[in-house]
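Undergrad: Pasting a predicted model and its sequence here:
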Amino acid sequence: MVRMAVDLTRTRNPGPTSLFHAPSAFDYSGGVTEITAARVAAISGALAVALGAFGAHGLKEWLAQNGTTAIWEKAVFYHFIHTVVLFVLAQRPPLKAGPWWCFLFGIVVFSGSLYLLALTNLHWLGAITPVGGVSLLAGWIWLAACAGTGKEK
């Protein structure tokens with residue numbers, strides 16, 4: 001009976017042993033699996049909802065005092081829209097890792113800098129925002145370039 005259990009475990013593919021695995025020369029996933037990509041997208045979605053609710057309720061007075069409510073709302077909007085794109089890309093194997101990473105980086109830099117700008121009113125943070133915007137644009141252009149060509153990455 002023990003031997004049978006050992007044989008069953010040998011036939012299973014455990015997959016990567018960590019959240020991210022080091023890509024090999026033949027691995028074009030950008031170091032992320034579809035499962036990890038979907039999980040990251042789901043966490044990003046939960047974060048977008050939480051930040052949207054927090055901005056509308058918990059930070060309402062603070063943002064109004066700073067005059068940055070519209071900035072916060074813009075950050076949540078772009079965060080949420082591109083999170084949906086992350087999730088869709090993760091659900092359509094093989095993972096288009098290049099655009100996926102562009103969108104993730106864009107969310108972090110574009111929305112992240114806007115969140116910080118809305119909270120701190122430090123206007124120099126606005127200089128960082130376009131870097132994230134360019135990353136989001138790159139993701140969309142990359143998707144357009146590989147659409148219908150059969151090229152996955």
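TA: Good, I have the coordinates. Numbering: from 1, shown residues only.
Undergrad: switch to C-alpha atoms for all contacts and neighbour counts from now on
TA: Will do.
Undergrad: distance of residue 96 from residue 59?
TA: 36 Å (CA to CA, to the nearest Å).
Undergrad: what about those two, which has more around it?
TA: With neighbours defined as other CA atoms under 10 Å, residue 96 and residue 59 compare such that residue 96 has more, 23 against 17.
Undergrad: In this structure that one contacts residue 86, no?
TA: No - Residue 96 sits out of contact with residue 86 when judged by CA atoms under 8 Å, with a separation of 9.8 Å.
Undergrad: tell me which residues of stretch 33-48 are tucked away?
TA: 33-34, 37-42, 44-45, 47-48 (16 or more other CA atoms under 10 Å).
Undergrad: what's the most distant pair in the residues you listed?
TA: Across the buried residues of stretch 33-48, no pair lies farther apart than 33 and 48, at 22.2 Å, counting by CA to CA.
Undergrad: Run the chain-centre distance for whatever helix or strand residue 105 lives in.
TA: In this structure, residue 105 sits in helix 97-106 according to DSSP states H and E. Distance, stretch centre to chain centre, for helix 97-106: 7 Å (CA atoms, centre = their mean, to the nearest Å).
Undergrad: next helix or strand past that helix?
TA: Proceeding N to C from helix 97-106, the next assigned helix or strand is helix 112-120, under DSSP H and E.
Undergrad: Packing partners of that following helix?
TA: When contacts are defined as 3 or more CA pairs under 8 Å, 6 or more residues apart in numbering; DSSP states H and E, helix 112-120 packs onto helix 60-66, helix 69-91.
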